[in-house]
Structure formats: C-alpha cells, structure tokens
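Colleague: Show me how the following folds:
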Amino acid sequence: MPRRSRRQAAARASNRLRDYYRGVTPGVGRRRHGSEDSTYSGGDSNLHKPTARNTGRFAVLNPDKRRQNKVIKHLEKPEVPPEKDEQLKVTKIDFRATGNRIAHHTDEFEKQALIVRRGQLFDIGLELNRPYSSAKDKIILEFRIGRYPKPSKGTLIKVTLGTEKLTTSKWGAKLDQASGNSAGIRVMSPADAIVGKFDFYVQTEHEGTKFRTAKDDKNAIIVLFNPWCRDDQVYVDDKKKLEEYVLNETGFIYVGSKQRIRGRPWNFGQFDDPVLDASLYLLDRARMAYTSRWNPINITRVLTAQINSLDDDGVLVGNWSGDYDDGVEPWVWNGSVKILEQFLETKESVQYGQCWVFSGITTSVLRCLGIPARSVTNFGSAHDTDANLTVDYHFDDKDEPIEDLNNDSIWNFHVWNECWMARPDLPAGYGGWQAFDSTPQETSEGQYCCGPASLMAIKNGHVYYGYDTKFIFAEVNADRIYWKVPEDGDDWEQLRVEKYSVGCHISTKMAGSDQREDITHLYKHPEGTELERVAVREAVEHGNRPGTYVDRSVPEDVTFDIETDDDVDIGEDFSVRVKLTNKSDQERYVTMYLTAQAMYYTGVSLGKFWNQRFTVRLTPNGDGEVEGRIDADLYVPRLVDQGGIKFFLMGHVRETQQSFAGQHDFRLGVPDLILKVSDKDRIINIGQEVHVNVSFKNPINTALTKSAFYFEGPGLTADDKVIHHSDIGPREIATAVVKLKPKKKGKRKLVVSFTSKQLQQVCGECVLNIV
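Modeller: Numbering: from 1, shown residues only. Model prediction:
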C-alpha cells in the first residue's frame, strides 16, 4: 500500500475513533464524499457500538481491515497493571509536648523541646500520607546519641512498633490509636537509659521499600533521670522531697558561723533556658563516655570536677585571696543562672566563686538533670591536708603558732552537696543521701573532685568505701589536736585533744519550708557517745597516722571556755570572755595568752589585730573569768568578706604543768535588705512591669563606696540585673527600685544582694504572686 494511502487510512481510523468517543455514529451525520457512504453497510446505528466481544473496538468496513485494526490498536490507551499500595511516609511528627511535659514534671523548662524522664511512657503522634496498616506496614523509631552511635554501645536504638507490654527494662513502642492518616504511638524508655539529647527519626517499611525522616534539630528528645520511677537509681518515695529537691527553683544556702547561722537566698533556676544546655554541655566537654551516662554515680563525680576550673577549665574559678578586681566578687552572685549562661556563651571559666557558689551551681545542674540534690552547710568544717583524719595545730615554746606546720584548718563554714541515689557498688544499706563537693580542695584520683560518699559510711567511720569518704569524714568529725613543738623539733607534746568542735549544726533547707533543718545526726553519732568515739578511732586507724591518740600523764583539772557577746552586728563594740573552772581541791595559778585575728571563712588568717595576757588565781573548786573589750573602730578596717574573727587561747597551769589550747570562731552580723512591692503591683500579670523597693541602713561609721544592688529570680526578666548606687554615708539609709517583668505564672521569688568595698553579704528576698 502506498505511503500516502497508509496515512489517509490512519487519519480516517483516527477520525472514526474520535467520533465514537464523542457519541457520533459512524456513517450518520457525517458525509464528505458520496463514495464514502458505499464503504458502510448503513442503516443500523447500533452496529458499531461496543460489545463484550469487541471490547470497545468498532468494526471498520475497509477492505484492508488488518492494517487499520493495527493502527486503531496502536492508538488505544495501554492497559495499566494493578497499582501496588503506596509507600507509607511520615509527613509530620507531633511530640505532644504539652501533655508529655506535664506528665513528666518537665513543663517548667523554658527550653522548647520534648523533655522526658526515663522509665516512663510518653506519646508521639505521626501524620502519614495514607492510613497505617499493621498487616503490611512496619514503623521503626530510631534514637541516636553521640557522633558515632552504635547498637552495641546503646547509643543507637531502633524500636519496632509491637504489641507486647511496655516495661521499664528496655526500649519499646506500641500503637496507641490510629484514625485516618494519623497514628498515636506510646513509647517507653528503660529506667537505666542514657541521659542526654537524642536525635529522633522514624523509618517505615512496606513491601521491600523503605522511608526515613530527614535529620531535623527540632526532632530531638532529651531524656533525664526520673526520681518518680521506682526502677530508676535516683527514685525517691516522698512527694514533699521531690517537690523540694527536684522541682524547687529557689532556696537557702546557710553561711556564717556555728554561733550565728544565716540563710542566704539562692536562685537555682534549674528550668531557666541556659541551664539544661549548659548541664549537657558539661558532660560533653568532659568527654564522658555515653556508656557511663546512665549512672548517677559517674555523672555526679564528673560534675564535681567540671564545675570548678582547676584541671579542666570548668565553670567557675575559686578565689579566696580577697583580690577580685579582674572578675566578680563571690558574694555578688544571687544564683546559678547567670554563671551558667556566661560559661555556655563564652566557653571560659567565670570569675569568681567560693564554696556556696560552687554548691549552688551544682544543685542547679543536678536538679536540672533529674537527680535529687540539695546544698548542705557544715559549720566548723575541717580541712585535713595530710589525710591523717585530724586537724593539727602546732605552737612553739612562746605559745606562738608555727605557721609552716599549720596546714590544716577549720573553716567557719563549708558548703557542699548531697544527692539521693542507690549505691549498688556498695554493700546494702549505703544508699540514700550521698555527700559530694565541687569546691576544689584536694585531688581525688588525680582530679579536683570529691565524692559521692555515703552518709552511712561517713557516720560509722567506714572510710574505706568510695568515694573520698575519708576526706569528708574529717570535715565533719575530725578531732583538733594541739601540739607543743620544741625548738629542736623532737618529742612533740600533745597539749590537748578537742573532740567536739568540728562538724556542728550541719544544715540544709527543710523540705516544704523556709526553715533550716539540722541534719548533723545523718553524719555522726551524738558527740561523746561510745558509737561516735568508735567511729572516730575506726577512721583514724585507716588514715595516714594511726596511733595518733596518746594517753596523757599530766593531770587536767582546769577547764576553760571562750565566749563572746551574742548577736553582735558589724559596727558594734563587743566583749570576749574566758571562763575557767578549777576541779581540784587545791589552788591554781593560770597564765593565758588570748589573740584575735581577722579571718577568711576558710580559716586563713589575715594577721593578729588584738591580743592580751592574763593571770588568774583559782581557789580550790572555784571559778574565774577574764574579759577583753574590742572596739568597732579597731576591727572594722580589718574585716574581710564574711566578717569573721577567730580567737586563739593558750594557757598554762603553774602547779601541774598542764597546758591547754583552744579557739573560738566569731562572726559579726550584717543587716538584711528590706524588699517591698509597691501598692499598685499587688496583683501582677505576666508581662506587666513590677516595681520592688529595696532599702537598708549602712551600719558602720564609714561611707560605703563602689556600691551596687544585684538581683535575679526564676521566671523574672529585666533589662539589666544590676543597679549601681552612689556612695552611702555613715548610718545612712540607701534605697533602690528593682524593675522587672514576670514571664511565668505562680509564686516567683526575687533575690537581691548588695555589695560595696566596705560591706558585703547583705541580702534579701520577696515572693511575687504572678497571675
């Protein structure tokens, strides 16, 4: 057939096919040429409609039917094979943050992320491109942590949706409900899951094909310790303790001396935005193995090293020198948040802090991670530098201290931390509160860290149980031993053993109250009891100088006691007295040398500023007393940060050759700041600016220079958190107005401190009710 004829035949077939689909009957209503009618049999308009036999194809009455049928077949729509089910894809992940965070007690975190506690169910919603079929589809949840996650290390976890019961022993997930293109999933993490930030992915499988969500920083899940979970190592079965030691954002850290204890307000702020990121960053910068990040013992020990700057340039630089010109004075800080925020931003250690600041930061970080924690203050806290578990003072033949030998010291107070956890690494009964310390004092296993040590082990003198129990035992229960050292250095004479002056009024904030709780009984048996003495001797025998205690052959029939006036405020004159008692039936002549030294609270002396010698005649079985008067103008210029004074006494009894030595710590009080909310701000709304009036009176006869007020509080914002003040004259009242805007509802505590060159440690607080 010629090419042209083939084209014409194809065109005619195409026209007929088009007419069919348009509903035009071939041969009717369409006539181009009379010759074309002869090609149709004509008449019946239904002749060429589709039948079951020809399946839509009409008969073409053309002599060359075979070729035209081929053309028509070529022009028909191709038969499409049955389509497979569409691949299941995730279009959106809903972390149901509000409900999960409330259920997991993480709703106060300012950080916008899914924050859950291990060993507890949480919900995830998935939006899909089609309905989920449990028979054909598989959904796998993937959790990844660290740079190179591996299943063998527990850093890569894949959880397939199943039907078995979810338990706290392993990761698991099951379908909770499905409706249309939505699926709700319940997920369980184990009670010993790694704590940290996990990247989260969802993978689907369908008939051999796979889909996986892309990496998205918003799809991160942060897993914390869970003290509400019975199977977690940090579980606490006490609602009041959970509210205090995990959820409370403010509290008190106790300072002063055992004669004058003062609660200093502190903003822990564990839920403020920078604290969680800073806490996790500390674990990363310590290069802590992820395989150890499930264990609160390991994490606590690492953090005690990371929070101080020695060894590893951690959060805070300690400074007890009195020179703070290139940083911030330790007493300026009112809380942990600004310190952690600065450290996170700069990646450099913050200057400066002392023990209560180290402790406050540590409490913030542990509560943030979910480990129950509290700050604890030990008054009369021993610093044993040679691990013999005693505090030794050495004097020469002239009753002057031998400074080269006096390396041990007694701090007026020292603040450390406790955390609550089980101790599966120790025998049964040693779990519960554990003491640990971030203040750098002595190294432990080559690092400036300390603890955790079981309080039960400390109490019973079991100093061979880890960690650093020996050092903390000495802090709370060491005996002071006074030695007379002759000029040739031989035959030291043990003058006196002072058994009950270390570890007094160990204090923390009471759960559910702003009152101080004395927890000394958790650290030691009652002073003077047989159990207490057994614990001391047990501990000393495991120290570096066993056999320290010697029998004294010299009779000790004269006793003494040093006293000062009660409740003396800075700027007031006061008296110091020595009371003596003769327990013998004979007369005694006693000579004494009493000195006063300005002291840092760590027991380090700034030098003697007052001294006096006394001679006393004691009648048989009689009492005696001597008194010294100290004027404010004498001591005020010599005081340092904590307003501490230490009295040293050396005495001799002529008739018996008895020597005695003793010391007395004394702290002057400072005024409190008075905080008042203005009348118009009695009802405070979120975002509303509130004014708080602050005032106090300068208590000394000297003008206060370089004065400033510092403030902060959880859920409270301000453009600037420091108010500089002009010089404050002698006995003058100073005032300031704190302006801030609340960003959270509920009761929020504002903490304010005042500092100047001449006067420090002036603090105050108030509670704001935000609606």
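Colleague: which stretches of the stretch 501-650 of the chain have low pLDDT?
Modeller: 544-554, 642-643 (pLDDT under 70).
Colleague: all helices of it, in order?
Modeller: 520-523, 530-540, 632-635 (DSSP state H, counting those that start in this stretch).
Colleague: buried sites along the first one?
Modeller: This means helix 520-523. The neighbour-count check on helix 520-523 (16 or more other Cβ atoms under 10 Å) flags 520, 522-523 as buried. Every residue, glycine included, has its C-beta placed from N, CA and C.
Colleague: again with the second one
Modeller: Residues of helix 530-540 classed as buried: 532, 535-536, 539-540 (neighbour count, 16+ other Cβ under 10 Å).
Colleague: likewise stretch 264-274?
Modeller: Per 16+ other Cβ under 10 Å, stretch 264-274 contains these buried residues: 264-272, 274.
Colleague: Take the residues you listed and keep only those in helices.
Modeller: Pro274 (DSSP state H).
Colleague: just checking, which of the buried residues of stretch 264-274 belong to strands?
Modeller: 264-267 (DSSP state E).
Colleague: how about TSV for the residues you listed, with pLDDT added?
Modeller: Shown next, in TSV, are these (pLDDT from 0 to 100):
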residue	pLDDT
Arg264	94
Pro265	95
Trp266	97
Asn267	96
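Colleague: picking that back up, would you mind giving the buried residues of helix 520-523 as a markdown table with distance to Gly360 added?
Modeller: What follows is the buried residues of helix 520-523, written out as a markdown table (distance: Cβ to Cβ, whole Å):
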| residue | distance to Gly360 |
| --- | --- |
| Thr520 | 22 |
| Leu522 | 21 |
| Tyr523 | 21 |
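Colleague: what residues are up against Arg654?
Modeller: By Cβ atoms under 8 Å, 6 or more residues apart in numbering, the contact list for Arg654 reads 588-591.
Colleague: ok, now with 7 Å
Modeller: By Cβ atoms under 7 Å, 6 or more residues apart in numbering, the contact list for Arg654 reads Tyr589.
Colleague: count of neighbours near the residue nearest to Lys499 when sequence neighbours are not counted?
Modeller: Using Cβ to Cβ, 6 or more residues apart in numbering and skipping the chain neighbours, the partner closest in space to Lys499 is Asp479 (5.2 Å). Asp479: 22 surrounding residues under other Cβ atoms under 10 Å.
Colleague: Contact partners for Asp479?
Modeller: 390, 497-499, 536 are the contacts of Asp479 under Cβ under 7 Å, 6+ apart.
Colleague: Okay, and which of these map to helices?
Modeller: Counting by DSSP H, the contacts of Asp479 contribute Val536 to helices.
Colleague: quick one: the helices in the stretch 151-300 of the chain?
Modeller: So, for the stretch 151-300 of the chain - with DSSP H, counting those that start in this stretch - the helices run 239-242, 273-285, 296-306.
Colleague: And those helices: which comes nearest Ala598?
Modeller: Nearest to Ala598, of all the helices of the stretch 151-300 of the chain, is helix 296-306, at 30.7 Å by Cβ to Cβ.
Colleague: Not counting its neighbours along the chain, what's nearest Gln515?
Modeller: Lys509 is the one closest to Gln515 (Cβ to Cβ, 6+ apart), at 7.7 Å.
Colleague: coming back round to it: bridge partners for the residue nearest to Lys499, pull those for me.
Modeller: Thr390 (DSSP bridges).
Colleague: do Phe143 as well
Modeller: Ile157, Phe200.
Colleague: same thing with Thr755?
Modeller: Residues in beta-bridge contact with Thr755 (DSSP bridges): Ala708.
Colleague: I figured it hits Trp333, correct?
Modeller: No: the pair Thr755 / Trp333 is not scored as a contact, 10.1 Å apart, by Cβ atoms under 7 Å.
Colleague: what stretches of the chain score poorly on pLDDT?
Modeller: In the chain, residues with pLDDT under 70: 1-7, 9-11, 13-85, 544-554, 642-643, 679-682, 719.
Colleague: ok, back up a step: selecting buried members of the contacts of Asp479 in ChimeraX, what would you type?
Modeller: Selection command for ChimeraX covering only the buried members of those, criterion 16+ other Cβ under 10 Å:
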select :390,498,499,536
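Colleague: check contacts around Asp313.
Modeller: Taking Cβ under 7 Å, 6+ apart as the test, what Asp313 contacts is Ser349.
Colleague: ok, back up a step: hmm, which two among the contacts of Asp479 are most spread apart?
Modeller: Glu498 and Val536 (12.3 Å).
Colleague: In terms of helices and strands, where is Arg12?
Modeller: Using DSSP states H and E, the element containing Arg12 is helix 3-22.
Colleague: tell me the most buried of the helices of the stretch 151-300 of the chain?
Modeller: helix 296-306 (a mean of 24; mean count of other Cβ atoms under 10 Å).
Colleague: which other helices and strands contact it?
Modeller: When contacts are defined as 3 or more Cβ pairs under 7 Å, 6 or more residues apart in numbering; DSSP states H and E, helix 296-306 packs onto helix 273-285, strand 409-421.
Colleague: Redo those as a markdown table? Include distance to Leu175.
Modeller: Listed next are the helices and strands packed on helix 296-306 as a markdown table, based on distance: least, Cβ to Cβ, whole Å:
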| stretch | distance to Leu175 |
| --- | --- |
| helix 273-285 | 31 |
| strand 409-421 | 35 |
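Colleague: rewinding a little: okay, the residue nearest to Gln515 and His394: tell me how far apart.
Modeller: In this view, Lys509 and His394 are 38 Å apart by Cβ to Cβ, to the nearest Å.
Colleague: same deal with Val568?
Modeller: For Val568, the distance to His394 - Cβ to Cβ - is 31 Å.
Colleague: likewise Arg577?
Modeller: Arg577 is 26 Å from His394, by Cβ to Cβ.
Colleague: These two - which one has more neighbours?
Modeller: His394 (19 against 14).
Colleague: Can you verify my assumption that Cys766 contacts Leu750?
Modeller: Yes: between Cys766 and Leu750 there is a contact under Cβ under 7 Å: 5.4 Å.
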